[in-house]
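Peer 1: let me see the structure of the following:
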Amino acid sequence: MSTDTTAAAGGGRAQTVVVTGASAGLGYHAAEQLAAAGHRVVLATRNPERADAAERSIRQHVPDATLEHLHVDLADLDSVRAAAADLQDRGPVDVLLNNAGVVGSRTERFTAQGVELQVGTNHVGHFAFTGLLLPMLERSGGRVVHLGSIAHRWASLDRRDPLRVGHYSGYRQYGRSKLAVMLFGFELAERLADAGSAVSSVVAHPGLAFDALGAQRPLVTPARDEPAWMRPGERAVAQGKDAGALPLVHAAVGADVRSGEYWGPGGPLQLRGSAAIVRAEPRAHDRTVAARLWLASEQASGVAFALDAFA
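Peer 2: Sure, this is the predicted structure:
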């Protein structure tokens, strides 16, 4: 699959894009592609050493990349607040790409504030970060991109208490976290439009993406023990994380992207293929659940969105 970053970035003026989780996987490849297209990229990461490695890797492929670092631990709301305050002193932000996440923790773990780790990191931390940065994004007429997943197809949230865990299963909870992310992303688009805001909210997903199927980046990509003979079968249904990042990058800076859209691979079952507008399950658009999730997320994060200021 082509990874034409110019096409992915949609052309146009250079923008400042904050990418959470930019030191590995999809976040890394999105950051590299955005830098290659001439955008200023803020690598928002938890681990400074891994952020340094990601920067060195990007510069190997994009020598003139414009890069900055931002420390943020999305599992600690104090860190989220500090990161948002740090960005206030750095100039405009055009795009927030909420990519970072925890995938399939085997045992139930918790954020610094006591929320289950996957929902707390993947959704609540990004909910808070988005709310805190919203005034900056409003000034630039910016965009928020939320990283969804095909895992939302098999997930559901408690309609009365959307953050409730119940019986813990790592993979079930991951699906719940991604459904929460998507509910938030689509609901934010509705509320921004109602408030007359210039900010857009878009959801995107990478399909089925594996490191071993894409361009190798030894400084940031973990080695896989999987035999090479297995990869042709994987390529029939999956793609590399560099290709998986293309819908995220297009959603972030594509000129044809509109608020409330869902972008992903356009191939069979949305598992691989070129970036396209795709369909989410109806449960991701349930505004009753989204409203309850929004309230629960405000209570869990202590962050309220100042949407009335845009009216």
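
Peer 1: use CA for all of it now, contacts and neighbours both
Peer 2: OK.

Peer 1: any weak-confidence spans in the stretch 151-300 of the chain?
Peer 2: Scanning the stretch 151-300 of the chain with the threshold set as pLDDT under 70 gives 223-233, 235.

Peer 1: could you pull out the strands for it?
Peer 2: Secondary structure of the stretch 151-300 of the chain (DSSP state E, counting those that start in this stretch): strands at 200-204, 209-210, 239-240, 262-265, 275-277.

Peer 1: check the stretch 1-150 of the chain too.
Peer 2: 16-20, 40-45, 66-71, 95-98, 143-147.

Peer 1: what would these look like in a markdown table with distance to residue 191?
Peer 2: As requested, these are exported to a markdown table (distance: least, Cα to Cα, whole Å):
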| stretch | distance to residue 191 |
| --- | --- |
| strand 16-20 | 22 |
| strand 40-45 | 26 |
| strand 66-71 | 28 |
| strand 95-98 | 17 |
| strand 143-147 | 13 |
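
Peer 1: let me know which of the strands of the stretch 151-300 of the chain is the nearest to residue 292.
Peer 2: Nearest of these to residue 292, taken as Cα to Cα: strand 200-204 at 18.9 Å.

Peer 1: just give me the longest helix of this protein.
Peer 2: helix 170-194 (DSSP state H).

Peer 1: I'd like the strands of the stretch 1-150 of the chain laid out as TSV, including mean pLDDT and distance to residue 82.
Peer 2: Output for these, formatted as TSV (pLDDT from 0 to 100; distance: least, Cα to Cα, whole Å):
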stretch	mean pLDDT	distance to residue 82
strand 16-20	98	14
strand 40-45	98	12
strand 66-71	98	9
strand 95-98	98	16
strand 143-147	98	19
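
Peer 1: could you dump these to a markdown table with mean neighbour count and distance to residue 240?
Peer 2: Compiled in a markdown table, those are given as follows (neighbours: other Cα atoms under 10 Å; distance: least, Cα to Cα, whole Å):
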| stretch | mean neighbour count | distance to residue 240 |
| --- | --- | --- |
| strand 16-20 | 26 | 19 |
| strand 40-45 | 24 | 21 |
| strand 66-71 | 18 | 24 |
| strand 95-98 | 27 | 19 |
| strand 143-147 | 28 | 16 |
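
Peer 1: contact partners for residue 198?
Peer 2: 138, 141-142, 192 (Cα atoms under 8 Å, 6 or more residues apart in numbering).

Peer 1: tally of neighbours for residue 268?
Peer 2: The local packing of residue 268 (other Cα atoms under 10 Å) involves 9 other residues.

Peer 1: now it: how far from residue 83?
Peer 2: Plainly put, residue 268 is 39 Å away from residue 83 if you go by Cα to Cα, to the nearest Å.

Peer 1: tell me which residue is most central in this structure.
Peer 2: The residue lying closest to the centre of the chain (Cα atoms, centre = their mean) is residue 99, at 2.4 Å.

Peer 1: my guess is it meets residue 23, correct?
Peer 2: No. Residue 99 lies out of contact with residue 23 (Cα atoms under 8 Å); the separation is 10.8 Å.

Peer 1: indicate which one of the strands of the stretch 1-150 of the chain is closest to residue 170.
Peer 2: strand 143-147 (18.3 Å).

Peer 1: so which residues make contact with the closest one?
Peer 2: 94-99, 130, 137, 178, 181-182, 185, 199-205, 248, 251-252.

Peer 1: who does that strand pair up with?
Peer 2: Here strand 143-147 is paired, per DSSP bridges, with strand 95-98 (parallel), strand 200-204 (parallel).

Peer 1: among these, which is nearest residue 291?
Peer 2: Closest approach to residue 291 among the strands paired with strand 143-147 (Cα to Cα): strand 200-204, 16.1 Å.

Peer 1: buried subset of the contacts of strand 143-147 as a ChimeraX selection?
Peer 2: Filtering the contacts of strand 143-147 down to the buried ones (16 or more other Cα atoms under 10 Å) takes a single ChimeraX command:
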select :94,95,96,97,98,99,130,137,178,181,182,185,199,200,201,202,203,204,205,248,251,252
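
Peer 1: what about residue 122, how many neighbours?
Peer 2: When neighbours are defined as other Cα under 10 Å, residue 122 has 27 of them.

Peer 1: residues contacting it?
Peer 2: By Cα under 8 Å, 6+ apart, the neighbours of residue 122 are 74, 100-102, 177-178, 181.

Peer 1: so which pair among these is furthest apart in space?
Peer 2: Pairwise distances across the contacts of residue 122 peak at 15.0 Å for 74 and 178 (criterion: Cα to Cα).

Peer 1: good, wrapping up.
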